[in-house]
Every structure is written in C-alpha cells, then in structure tokens.
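Q: got a sequence here, can you model it:
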Amino acid sequence: MAEWDYEVFWEETINQLRANLGEEEFNVWFSNLKYLRAGEKTITVAVPSSFYRDQVKNRYQKSIESKLKELTGKELTVCFEVIPENLPEDEPVRPDALPENTGSGEKSGLNPALKGGPDGIQPKKEKKARPAYLREDYTFDKYVNSENNSFAANAAIAISKNPGKTYNPFLIYGGVGLGKTHLMQAIGNYIYENSDNKIISITAENFLNEYVQAISEGKMSVFKNKFRYTDILLIDDIHFFQGKEGVQEELFHTFNALLDAKKQLVFTCDRPVSELKKISERLMSRFEQCLKVDLQPPKYETRCAILKSAAESRRASIPDEVIDLISKNISSNVRDLISALNTLISYMELMGKPITIEIAQQRLRDAFVSPRQANLSIDNIQKVTAEHYDLNINDLKGKKKTKNIVFARQLAMYIAREITDYSTTELGQAFGGRDHTTVMHSIDKIKGQLLTDPKLESTIESLKRLIKEYSAKS
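A: Model prediction:
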C-alpha cells in the first residue's frame, strides 16, 4: 500500500454505511462520491455539485469520519472537491431547476413479459434525462416475486403498461425493508424506458422540503406547476406527512388535479392507511380511494432466491450452505438479508478469501443474535406500541377496556413475550400488576388473530423494528 493510500478503507467505510443506511438512502447520496486522493490526515472525495457537497457534509460527514477512525485507528478528515462534470442524472434538484423529459428511452433488459411496443427495429431517439430519485437498478426483472407479493407485483406491472388507466391511484404498504420502494420505482423505470411520460419520483420528506423552500423563496407557482403538471407522480413514505397540515393541504390539491387529468399516482407507506394518524379527513379519503396492496416478509424459499440473485448481480460466489444459513437466521425483511450478504462480500473482497460456513457464522454473529437475547426493555415496547396507536403508556398499564386499548395492550404483551426473556408473571407485573394467566390469554388472542388477519403480521414486524430502533437510541 502506497503512503497515505486509504482507498481500501474508504471502500469498506462506504460498504458498511450502505448496510446501515439502506439501499434507497445510500444510493441517493453515496453512489456518486468518488475517492480522489489522501494526505496524512485527509481523504479527498469528488462530489458532483456544491448542493451535493453541502448535503453530504451536513448529513453524513461525522458518520463517515467515525467509521474511518474505527477502521484505520486514525483521525482522518474527509474533504470534498466539487467536479461538476460528474453531475449525476439523478441528483436531487431544486423546484426551480427541473430537467425536462424529452425523447424516448431505449428499452431496458426487462423480463420478456414486461417488454412492450411493436416488433421490428425502432428509430433511435435521444435519451431523455433520468428523473431525480429514480434508481436505475429498481426494475421488475430485479424484483424477486413470490406468493407473498405476487398480487402487488402483477398490479404494478399492469399500471406500468397503462399508467393512469389501470389501478389509479395505487398504494403499496408494509414493514421496513420489504421492497415497497423497489416496486414503486420499478413502475417508474418501466414507464421511463417505454414512453415519453413525464415522471416525478420523490420521498414525502423531500416533497415537504421543496414545499417549504418554495414558500420561503416565494416560488409556490413553480412548485405547483412541477407537481400538478406531471404524468406520473411517485411519492415514497406518505406516513411522513402525519401531523404536517400545510403540506397535506397542498398534496390534497395535487392529488385532485392529477386524478382529474387521469395521471398516475403511486404511494408507499409503512402501515395500512387506516393506521395513519393526524391526516386530514379529506386527504385520508383520497388515500382510501387507492388500490391498496400489502407486502409481507419473504418466506424461506424467497429469501434464498433474493440472496442468490443479489450475489449473482455482484458476481460473488456464495456457497449454497451460506445462503441457507442466512435465510434461516434472518427472516425480518429484504434489507436485512442484503445487508448480511454485503457484509460477507466486503469481507471476501478485502481479505481475498472465499466465504465458508465458519466465516459466515463469525462475521454475521451480531446479525444472527436473537432479539430475545437483546433483553429489550418492556418500557420501550410499551412506549413504541402506545405511540403507534396514539395512546398513553398508562393506557397499556391501566384498567381501561375500550376495544382499541385492549388490542394495543394485548399486542404489546405478545411482542414483549416474543422479543424478551421476561416470564408471563414478570410481564403481568409490568402491565399494571396483571396475573400471568391474563398475559397468556392476551398472547393467545393475538396468535388467533394472526391466523385470520394477514395484515397483522406486517404490523407486528413493523413494531418490532421500531422498538429495536428506539432501544438502540435510548
């Protein structure tokens, strides 16, 4: 290694951040960073614009430098050098600097069933600019279908072929990391590749940011024209709009304008619409109009298929027994599966060693730790569950027997029994001094509902994830 050559550490830092942040966030902000050079105490990275530089510095510089110190044992400062010619097509843009979509995209390598258009040679047209936030790799042919999500996938394909005419509006919901964003953006990518439709793909948070910026800069007309005169609007994570009245009002009018013009709307959410809180009644009524499909955690066979597909795309040789090991130990969601796989691939690339079952067990021991061993506190479980159902923690511990409180209390008991080592007697004490038989009855009630309500499993997995995240921060 040449003196002051930290590139291998930079690459490992980026790989680990990918696992921590998740694919969507990582690709927006990190996929276009380029390692340039290093000094004794600095690493210089190329960024495509000053806007990009400022966002990455504010959001991630401390995390990057902390991870570098962990890997190198040295205090390194990350410096950013703006190189405009590297400007990516999908850089986040401001409302008054929007690219125009012109021309027609070339066909992508989609599954044969998804390819449209007449036979024969098509005249070449100039490639139009890729819409901001629309990830090129989120396509139907890279989406692993299964019986758990086949209805959602088939509906998405139908929408792609006839946007604005079939299943409009469309809402995909489910727990974290189950592929909602992938499926939504696959719709956008297919339409982008096969039509001249103008597409906007954006997160709810960035929709709000652009709304606030437009108000502060006196450019609301620009904002309205952008979102009300598009052909396809994809908005990720609409649960972010909860409690934000101003932007809800704007979204309501945008929703109406596009629906009246028969333009396609697609949304994702981390929960059923009925569980959204602090959303205006008229906007809620619009969301209720959507064709709503839910994504469930993948089954074992699907988890294996996802891992094999991801390994092939990275051109990494992962033994079947390692695929089996990961699939049996990680069942929560796709994101956790891919994170575990990326950990092994990074190790293999850095160390130059093939992955064995022993190496996989060692490198993934933390990912394989049962939540039960984490000894999560009952208090945290109660806080997160109460907040999810817009209740007070004392409601879960108290004697009230209204239907919504009883259900939330039983669900909290069930989750606590699932992810902690506390006995039913200890749980009963933590839930207001109840008898252990009451706890057992509550657990049995939830088990019974799981057999008849497929949506409940998704809610439970989402709550478990929120509880883990909350516990990690507290």
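Q: from here on, just use CA atoms for contacts and neighbour counts.
A: Fine.
Q: so which strand or helix has Leu350?
A: Mapping Leu350 onto the secondary structure by DSSP states H and E places it in helix 334-351.
Q: can you give me the mean pLDDT across that helix?
A: Averaged across helix 334-351, pLDDT comes to 89.
Q: got a list of contacts for it?
A: Around helix 334-351, the neighbours that count as contacts under C-alpha atoms under 8 Å, 6 or more residues apart in numbering are 8, 12, 15-16, 18-20, 22-23, 176-179, 297-298, 303, 306-307, 310-311, 316, 326-327, 330-331, 353-355, 360, 363-364, 367.
Q: close enough to count as contact, Ala153 and Asn145?
A: Yes. At 7.1 Å, Ala153 and Asn145 qualify as touching, with contact defined as C-alpha atoms under 8 Å.
Q: comparing those two, which shows the higher neighbour count?
A: Between Ala153 and Asn145, counted using other C-alpha atoms under 10 Å, Ala153 has the larger neighbour count: 23 against 18.
Q: which residues sit against the helix or strand containing that one?
A: Take DSSP H and E as the rule and Ala153 turns out to sit in helix 150-161. Residues outside helix 150-161 that contact it (C-alpha under 8 Å, 6+ apart): 114, 116, 140, 145, 165-168, 172, 183-184, 187-188, 190-191, 293-295.
Q: repeat that with 6 Å
A: For helix 150-161, contacts defined as C-alpha atoms under 6 Å, 6 or more residues apart in numbering pick out 166, 187, 191, 293.
Q: residues near the nearest residue to the first one once chain neighbours are set aside, how many?
A: Meaning Thr166. Nearest in space to Thr166, with sequence neighbours left out and distances taken as C-alpha to C-alpha, 6 or more residues apart in numbering, is Ile159 at 5.5 Å. For Ile159, the neighbour count with other C-alpha under 10 Å is 24.
Q: now do Ile159, the pLDDT please.
A: As summarised for this prediction, Ile159 has a pLDDT of 94.
Q: now do Ser221
A: Listed pLDDT for Ser221 reads 92.
Q: same question, Leu466
A: pLDDT, read off for Leu466, is 86.
Q: could you say which helix or strand contains it?
A: If you go by DSSP H and E, Leu466 is part of helix 454-473.
Q: contacts for the helix or strand hosting Ile200 next, please.
A: The secondary structure element spanning Ile200 is strand 199-203 (assigned by DSSP H and E). Defining contact as C-alpha under 6 Å, 6+ apart, one finds that strand 199-203 is touched by 133-134, 232-236.
Q: go again using 7 Å as the cut-off
A: Applying C-alpha atoms under 7 Å, 6 or more residues apart in numbering, the contact partners of strand 199-203 are 131-134, 188, 230-237.
Q: how about it: buried residues?
A: Within strand 199-203, the residues that qualify as buried by neighbour count (16 or more other C-alpha atoms under 10 Å) are 199-203.
Q: quick one: strands adjacent to that strand?
A: Sheet neighbours of strand 199-203, with direction, are listed as strand 232-236 (parallel) (DSSP bridges).
Q: which parts of the stretch 151-300 of the chain are strands?
A: Ranges of strands within the stretch 151-300 of the chain are 170-174, 199-203, 232-236, 264-269, 291-295, based on DSSP state E, counting those that start in this stretch.
Q: by mean pLDDT, flag the weakest helix or strand of the protein.
A: Within the chain, confidence by mean pLDDT, DSSP states H and E is lowest for helix 23-29 among all helices and strands, at a mean of 71.
Q: and the next element down the chain from it?
A: In the C-terminal direction, the helix or strand that comes right after helix 23-29 (DSSP H and E) is strand 34-38.
Q: report the distance from the helix holding Leu466 to the chain centre.
A: Its chain's C-alpha centre lies 14 Å from the corresponding centre of helix 454-473 when counted by C-alpha atoms, centre = their mean, to the nearest Å.
Q: what angle do strand 170-174 and it make with each other?
A: Counting by axes from the mean of the first three to the mean of the last three C-alpha atoms, to 10 degrees, helix 454-473 points 60 degrees away from the direction of strand 170-174.
Q: quick one: pLDDT of the residue nearest the centre of the chain?
A: Nearest to the mean C-alpha position of the chain, counting by C-alpha atoms, centre = their mean, stands Gly177 at 5.2 Å. At Gly177 the predicted local confidence, pLDDT, stands at 76.
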